[in-house]
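**Q** I would like the atomic coordinates for the input below:
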Amino acid sequence: MQETLQTLVGGLSLGAVYALVAMGFSLVYRTMGLVNFAHADIAMIGAYAASTFYLTSKMPFVVAMVVAIVVTGAIGLVIERVLRPLENKDFDLMLIGTIGFGIVLQAVAILIWGTTGRAVPSPVRSAPLDVFGVRVRTYDLLVMAVAAFAVIGLAWFLARTKRGAAMQAVAMDHEAATAVGINVGRSNALAFSIGAGLAALAGGLVGPMLYVDASLGGALGIKGFAAAMLGGFGSIPGAVVGGLAIGVLDSYAAGHFQGYSVLVTFLVFTAAIMIRPMGVFGERTVSRA
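**A** Numbers count the residues shown, from 1 in each chain. You can find the predicted model right below:
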């Protein structure tokens, strides 16, 4: 029982990271109808940037994370600005463009940080907590708390602010939003920027949990993408549920199937998607192809 609870806690902390990645995917797709295939590599850049500011520049971990989010937010703005002339004109070329940006980001990461990678020590030095015989790492609790704060903050932004309402309007009806004077380009840029910031937050948080190298984006991206699909692509609550589900499943598979854990995780994911192709929340998302 204790081992099961231990695995559950570890899975929830990793699932919180996948949820952040999935939220970034879903936010851009919800607003633009576009899957940003560079999203995973933005998360990798965020992980490298946060670890660099934390380890090399000796910034406090929180400050390093904020700077990394700002950096990747700017990258998101650049990607959106380059792709903007293609919006509503050549959707396929936009998809290819995001793939191209991902390749560029990987090359830039290798040029700046090399191929060696780095291990990031936990910023929380306190010993694990003993809760009814289950040893819980304090850093795992921190990751879950930060992810929960990000989810609440995004939900509040979308529901309570004018910019958030504009993004919701663009997601529901692009032409109607334009007709009532909403700046669609600005809303799309904001979606890309927030999505990139969420990717950086995920990458920075996962640094002390996994090894940071140029392949980190692939590991985070494929599971974050699976989480978004499982929850219902374009659904923010679905991204959270899907991320936690993939994290827990991944943790249990790693504990019981070891070298076959990834295979088991995606077999279960495939079965779930075959049963419910639209995802758990089944939200119909926009398509501007």
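
**Q** can we go C-alpha only for contacts and neighbour counts from here?
**A** OK.

**Q** show me what the lowest-mean-pLDDT helix or strand in the chain is in contact with.
**A** The helix or strand with the lowest mean pLDDT-type score in the chain, counting by mean pLDDT, DSSP states H and E, is strand 129-131 (a mean of 74). Where contact means C-alpha atoms under 8 Å, 6 or more residues apart in numbering, the residues beyond strand 129-131 that reach it are 135-138.

**Q** would JSON lines of those with secondary structure be doable?
**A** Written out in JSON lines, the entries for the contacts of strand 129-131 read as follows (DSSP: H, G, I helix; E, B strand; the rest coil):
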{"residue": "135", "secondary structure": "strand"}
{"residue": "136", "secondary structure": "strand"}
{"residue": "137", "secondary structure": "coil"}
{"residue": "138", "secondary structure": "helix"}
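
**Q** ok, those vs residue 49, which is closest?
**A** Of all the contacts of strand 129-131, residue 138 has the smallest distance to residue 49: 23.1 Å, by C-alpha to C-alpha.

**Q** in its sheet, what does the least confident helix or strand of the chain sit against?
**A** strand 134-136 (antiparallel) (DSSP bridges).

**Q** distance between the partner strand and the chain's centre?
**A** 26 Å (C-alpha atoms, centre = their mean, to the nearest Å).

**Q** elements contacting whichever helix or strand comes after that strand?
**A** Tracing the chain C-terminally past strand 134-136 and defining elements by DSSP states H and E, one meets helix 138-160 next. Counting contacts by 3 or more C-alpha pairs under 8 Å, 6 or more residues apart in numbering; DSSP states H and E, the secondary-structure elements packed against helix 138-160 are helix 2-32, helix 162-172.

**Q** distance check, residue 264 against residue 75.
**A** Counting by C-alpha to C-alpha, to the nearest Å, the gap between residue 264 and residue 75 amounts to 35 Å.

**Q** what's the answer for residue 174, then?
**A** Computed as C-alpha to C-alpha, the residue 174 to residue 75 distance reads 24 Å.

**Q** do the same with residue 217
**A** Distance of residue 217 to residue 75, computed by C-alpha to C-alpha: 15 Å.

**Q** the more surrounded of the two?
**A** Remark: of residue 217 and residue 75, residue 217 carries more neighbours, 25 against 20, as counted by other C-alpha atoms under 10 Å.

**Q** hang on, the more buried one in a strand?
**A** No - with three-state DSSP as the criterion, residue 217 is located in helix rather than a strand.

**Q** now the helices for the chain?
**A** For the chain, the helices defined by DSSP state H cover 2-32, 39-55, 61-83, 91-113, 138-160, 162-172, 174-179, 184-206, 216-231, 236-257, 261-275.

**Q** export the ones you listed to JSON lines and tack on distance to residue 129 and mean pLDDT?
**A** Output for these, formatted as JSON lines (distance: least, C-alpha to C-alpha, whole Å; pLDDT from 0 to 100):
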{"stretch": "helix 2-32", "distance to residue 129": "12", "mean pLDDT": "87"}
{"stretch": "helix 39-55", "distance to residue 129": "25", "mean pLDDT": "93"}
{"stretch": "helix 61-83", "distance to residue 129": "21", "mean pLDDT": "93"}
{"stretch": "helix 91-113", "distance to residue 129": "35", "mean pLDDT": "91"}
{"stretch": "helix 138-160", "distance to residue 129": "7", "mean pLDDT": "92"}
{"stretch": "helix 162-172", "distance to residue 129": "38", "mean pLDDT": "84"}
{"stretch": "helix 174-179", "distance to residue 129": "49", "mean pLDDT": "79"}
{"stretch": "helix 184-206", "distance to residue 129": "19", "mean pLDDT": "92"}
{"stretch": "helix 216-231", "distance to residue 129": "27", "mean pLDDT": "91"}
{"stretch": "helix 236-257", "distance to residue 129": "20", "mean pLDDT": "89"}
{"stretch": "helix 261-275", "distance to residue 129": "27", "mean pLDDT": "87"}
